[in-house]
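Peer 1: Quick one: sequence plus predicted model below, questions after.
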Protein chains: 2
Amino acid sequence: MFNLYRWGRSVLQKNITAHDIANHLGISQSTVSRVFTPGASVSEKTRRRVLEAAELLGYRPNMLARSLITKKTNMIGLVMGDIDNPFYPEVLSKLSGELKKRQYNVLLLNAENDDVPSESLIQFLGYNIEGLVVTDVLLSSSIVSQFAELDIPIVLFNRYTTNAHCHTVCCDNMDGGRRIGEYLLRTGHRRLAFISGDPNTSTSQDREKGFRDALLNEGLHFMTESGGYTYEMAYEAANRLFLRADRPDAIFCANDIMAIGAIDAAKKLGVRVPEDVSIIGFDNIKPAAWAGYDLTTWTQPVDRMIEATIDLLLEKIEEPDRRSQADYQWIKGHLVERNTVMTRNKND
Amino acid sequence: MFNLYRWGRSVLQKNITAHDIANHLGISQSTVSRVFTPGASVSEKTRRRVLEAAELLGYRPNMLARSLITKKTNMIGLVMGDIDNPFYPEVLSKLSGELKKRQYNVLLLNAENDDVPSESLIQFLGYNIEGLVVTDVLLSSSIVSQFAELDIPIVLFNRYTTNAHCHTVCCDNMDGGRRIGEYLLRTGHRRLAFISGDPNTSTSQDREKGFRDALLNEGLHFMTESGGYTYEMAYEAANRLFLRADRPDAIFCANDIMAIGAIDAAKKLGVRVPEDVSIIGFDNIKPAAWAGYDLTTWTQPVDRMIEATIDLLLEKIEEPDRRSQADYQWIKGHLVERNTVMTRNKND
DNA sequence: CTGTTAGCGCATTCAA
DNA sequence: TTGAATGCGCTAACAG
């Protein structure tokens, strides 16, 4: 009889290989491999024996060796931008969760202050990641072309470029901005202001552009301040706005964090929200729902965006020629009415 | 002369290997390998030629093949608990950043609601991760022993167990709780309350225990409510507290999110903070500093905790016998005084 | 259904 | 300093 010690290896050995199992069972290594290869043909009996021995000895196929041959690592690179915005941890968590459901693992890279470390991305290539998701930042074109040459798909989450190799899943920011503008108009606001995020980002630009379009239809202009997507800068920006002679009756902030900063600034100055000024945000992060703010805002449909991201990415990976998914997807959000906007008398 | 096409491969070829470079240069594959192996001996001249050709052809060593031999993958597994608490995205981002500085990459796994997917962790073993960092959750002992058998170190961040194989880097929660208790006593509070987090977590338990110790020294008891580490539950818990006949004059919440919920509950009921009730949190997350809350709280020294985590983990990985780092580290935080606690007249 | 063989791309002996 | 040879652990033909 074969037994655990027959081949001079103890149960406590660290690296059990398919070979060990094969020897232990007196079968060939490739048969063992077949048991762990979906779709390979093995008799039910040997399958059971192998599985049993594997369980006993603690065998687990070595993904690295496997990947070396199959060229499938099941690893996806994830580049995270602005983690300070609570919107993105949510994205991160859901994205990695969904990816795991589909058998993919996430190799993480965080890009602090818009500075995507190119060398790390190149390292990722060394690990043979099969795809890349990039949230809220842009990649250098040199990096993009390296990925392109290797046919590794890239999906930009909430960003877009004209670079043909980058696909995009994005909240329809223009639409959001426009409909927020229309909403503010419809509720009787006339002295409007916009606090922008980082002016270099398409998210901020598009929200502003949509907003402008809506106002232009009514022949209205609006004041602008820069809030850099941070609480502190938006707080200051709002202060400047409130101190103006023609103080706005509504402020649209390019994200919720800034809207919260604006609300706090208003409180400090004794400007009442929404009686004296309406404030509206964008993202619908958790704190927006807190009783202390109760912020009217715009929802980014995270779940649908993530679903689209994954469907797009995995289609590119698994059936590159299928192209059933659009390469650029703009997903519309919707208004969440809470209590920071009030309807005004148009003859105010 | 050799040229790019001599070996029938075009510049656009997808997978350039060390062999390709070798052929292109008319040298051996092992020489090419040496150029990319720190400490190997290659003449300066060939090193330059190889590097040049590599650059030209876009060669990059395949980490998988390399790891197969060296047993070094430079990958660290990271299990993230409660990502809803803004404290943890910060940890995530800093941890992965520091790890990258030390040449390690992060394989991510997020554990939603305390449910660590064991199969995913076992998958991680297949990828030959070299270490595991676990934030704010606990692992099943069966998983831990599998890691132990393979000598893969585990560092628990903000959790601890008696399991010998798990090392720990933790904010000294008992100390924090105690010193918060002492602070509240010193500032004249006598009717104290505690809103706990998830009662199963050591973080909540220890903060409560320290708090109790401080009060016991003065022979005081305190009211307790459960806030489950969420804004909503803490809001309700605070409501119950405020409606009692013996309404507390100070509430210690086991984290900032809950303290914010408590503040909002107070506002809603017209209970003034800090005039009628003092509120103190734990974590010092960003929103605690917002003007709308201006929360007095306890800082977890994130940077030092992360540094300790990495030092500990990498020592276990790189020089397992050195043991210069303590296996269990409790790091003390400190009070951040803002405006939700006021000194009371002891004869009130 | 199973065993044999041949690599995947690389680091690492051992000679030269 | 370099090249030839070997094998890490595995999958994928190819026979049988």
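Peer 2: Noted; the coordinates are in hand.

Peer 1: Next secondary structure element downstream of the lengthiest helix in chain A?
Peer 2: Using DSSP state H, we find that the single longest helix of chain A is helix A:302-318. Once the chain leaves helix A:302-318, the next helix or strand it forms, by DSSP states H and E, is strand A:328-331.

Peer 1: So what touches that following strand?
Peer 2: A:160, A:167-172, A:175, A:301, A:304-305, A:308, A:312 (CB atoms under 8 Å, 6 or more residues apart in numbering or on different chains). Quick note: C-beta positions are derived from backbone N, CA and C, even for glycine.

Peer 1: which residues in chain A form strands?
Peer 2: Taking DSSP state E, the strands of chain A run over residues A:75-80, A:105-110, A:131-135, A:154-157, A:166-171, A:192-196, A:222-226, A:250-253, A:278-280, A:297-299, A:328-331, A:334-336.

Peer 1: Okay, now the unreliable bits of the stretch 51-200 of chain A?
Peer 2: The model of the stretch 51-200 of chain A has no residue with pLDDT under 70.

Peer 1: which of the residues in stretch A:58-65 are buried?
Peer 2: Of the residues in stretch A:58-65, A:58, A:59, A:60, A:61, A:62, A:63, A:64, A:65 count as buried by neighbour count, 16 or more other CB atoms under 10 Å in any protein chain shown.

Peer 1: Which members of those are positioned in helices?
Peer 2: Per DSSP H, the subset of the buried residues of stretch A:58-65 in helices is A:63, A:64, A:65.

Peer 1: Need the strands of chain A in a markdown table (columns: distance to residue B:126).
Peer 2: Below are these laid out as a markdown table (distance: least, CB to CB, whole Å):
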| stretch | distance to residue B:126 |
| --- | --- |
| strand A:75-80 | 12 |
| strand A:105-110 | 10 |
| strand A:131-135 | 19 |
| strand A:154-157 | 26 |
| strand A:166-171 | 29 |
| strand A:192-196 | 47 |
| strand A:222-226 | 48 |
| strand A:250-253 | 46 |
| strand A:278-280 | 48 |
| strand A:297-299 | 39 |
| strand A:328-331 | 33 |
| strand A:334-336 | 42 |
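
Peer 1: ok, and which of those strands has the densest surroundings?
Peer 2: With neighbours taken as mean count of other CB atoms under 10 Å in any protein chain shown, the strands of chain A reach their highest mean count in strand A:250-253, at a mean of 32.

Peer 1: what packs against that strand?
Peer 2: helix A:173-186, strand A:192-196, helix A:231-243, helix A:256-269, strand A:278-280 (3 or more CB pairs under 8 Å, 6 or more residues apart in numbering or on different chains; DSSP states H and E).

Peer 1: Tell me if the shortest one is near chain B.
Peer 2: Just to be clear, that refers to strand A:278-280. No. In terms of CB under 8 Å from any CB of the partner chain, no part of strand A:278-280 sits within range of chain B; the closest distance is 12.6 Å.

Peer 1: Please compute how far that strand lies from its chain's middle.
Peer 2: Computed by CA atoms, centre = their mean, to the nearest Å, the chain-centroid distance of strand A:278-280 equals 26 Å.

Peer 1: Equivalent analysis for the first one, please.
Peer 2: Computed by CA atoms, centre = their mean, the separation of helix A:173-186 from the middle of its chain amounts to 24 Å.

Peer 1: Other residues contacting it?
Peer 2: A:192, A:202-203, A:206-215, A:218, A:220, A:250, A:252, A:278, A:280, A:282, A:298, A:330, A:332-333, A:335, A:341.

Peer 1: re earlier: take the buried residues of stretch A:58-65 and lay them out in a markdown table including distance to residue B:70.
Peer 2: Shown next, in a markdown table, are those (distance: CB to CB, whole Å):
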| residue | distance to residue B:70 |
| --- | --- |
| A:58 | 22 |
| A:59 | 21 |
| A:60 | 19 |
| A:61 | 19 |
| A:62 | 14 |
| A:63 | 16 |
| A:64 | 11 |
| A:65 | 13 |
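
Peer 1: what about stretch A:150-157, how long is it end to end?
Peer 2: End-to-end distance for stretch A:150-157: 21 Å, by CA to CA, to the nearest Å.

Peer 1: My error: substitute stretch A:194-207 in the last question.
Peer 2: 10 Å.

Peer 1: cool, stretch A:331-338 as well?
Peer 2: 22 Å.

Peer 1: what is the rounded mean pLDDT of it?
Peer 2: Averaged over stretch A:331-338, pLDDT sits at 98.

Peer 1: check the ones in helices among the buried residues of stretch A:58-65 against chain B, which are close?
Peer 2: Answer for those near chain B (CB under 8 Å from any CB): A:63, A:64, A:65.

Peer 1: got the residues of chain A near DNA strand D?
Peer 2: A:15, A:17-19, A:29-30, A:33, A:36-37, A:40, A:59-62, A:65-66, A:68-70 (CB under 7 Å from any atom of the strand).

Peer 1: The same query, at a cut-off of 10 Å, please.
Peer 2: Residues of chain A found near DNA strand D (CB under 10 Å from any atom of the strand) are A:14-22, A:28-41, A:54, A:59-72.

Peer 1: residues touching the nearest residue to residue A:111 once chain neighbours are set aside, list them.
Peer 2: Distances taken as CB to CB, 6 or more residues apart in numbering or on different chains place residue A:137 nearest to residue A:111, at 4.9 Å, with adjacent residues excluded. When contacts are counted by CB under 8 Å, 6+ apart, residue A:137 touches A:79, A:81, A:82, A:111, A:114, A:116, A:159.

Peer 1: Now, of those, which are buried?
Peer 2: Buried among those (16+ other CB under 10 Å): A:79, A:81, A:82, A:111, A:116, A:159.

Peer 1: Show me the beta-bridge partners of the first one.
Peer 2: Judged by DSSP bridges, the bridge partners of residue A:79 are residue A:109, residue A:134.

Peer 1: quick one: it and DNA strand C, what's the gap?
Peer 2: The spacing between residue A:79 and DNA strand C, counted by CB to the nearest atom of the strand, to the nearest Å, is 24 Å.

Peer 1: which residues does that residue contact?
Peer 2: Counted by CB under 8 Å, 6+ apart, residue A:79 has contacts A:109, A:110, A:111, A:116, A:121, A:132, A:133, A:134, A:135, A:137, A:139.

Peer 1: Present those as a markdown table; the columns should include distance to residue B:269.
Peer 2: Formatted as a markdown table, the contacts of residue A:79 follow (distance: CB to CB, whole Å):
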| residue | distance to residue B:269 |
| --- | --- |
| A:109 | 46 |
| A:110 | 41 |
| A:111 | 43 |
| A:116 | 47 |
| A:121 | 52 |
| A:132 | 50 |
| A:133 | 45 |
| A:134 | 46 |
| A:135 | 40 |
| A:137 | 43 |
| A:139 | 50 |
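
Peer 1: Among those residues, which one sits closest to chain B?
Peer 2: Of all the contacts of residue A:79, chain B sits closest to residue A:110, with 4.8 Å by CB to the nearest CB.

Peer 1: Next one: the residue in the stretch 101-250 of chain A positioned nearest to DNA strand D from residue A:58, what distance?
Peer 2: Closest approach between the stretch 101-250 of chain A and DNA strand D, counting by CB to the nearest atom of the strand: residue A:128, at 13.1 Å. Taking CB to CB, to the nearest Å as the measure, residue A:128 and residue A:58 are separated by 26 Å.

Peer 1: residues in contact with stretch A:156-171?
Peer 2: So stretch A:156-171 is contacted by A:91, A:95, A:133-139, A:141, A:144-145, A:147-148, A:153-155, A:201-203, A:300-301, A:305, A:308-309, A:312-313, A:316, A:327-333 (CB under 8 Å, 6+ apart).

Peer 1: are any of those residues buried, and which?
Peer 2: A:91, A:95, A:133-139, A:144, A:147-148, A:153-155, A:201-203, A:300-301, A:305, A:308-309, A:312-313, A:316, A:329-331, A:333.

Peer 1: How many neighbouring residues does the residue of the stretch 151-300 of chain A found nearest DNA strand C have?
Peer 2: Nearest residue of the stretch 151-300 of chain A to DNA strand C: residue A:151, at 14.0 Å (CB to the nearest atom of the strand). Residues lying near residue A:151 (other CB atoms under 10 Å in any protein chain shown) number 12.
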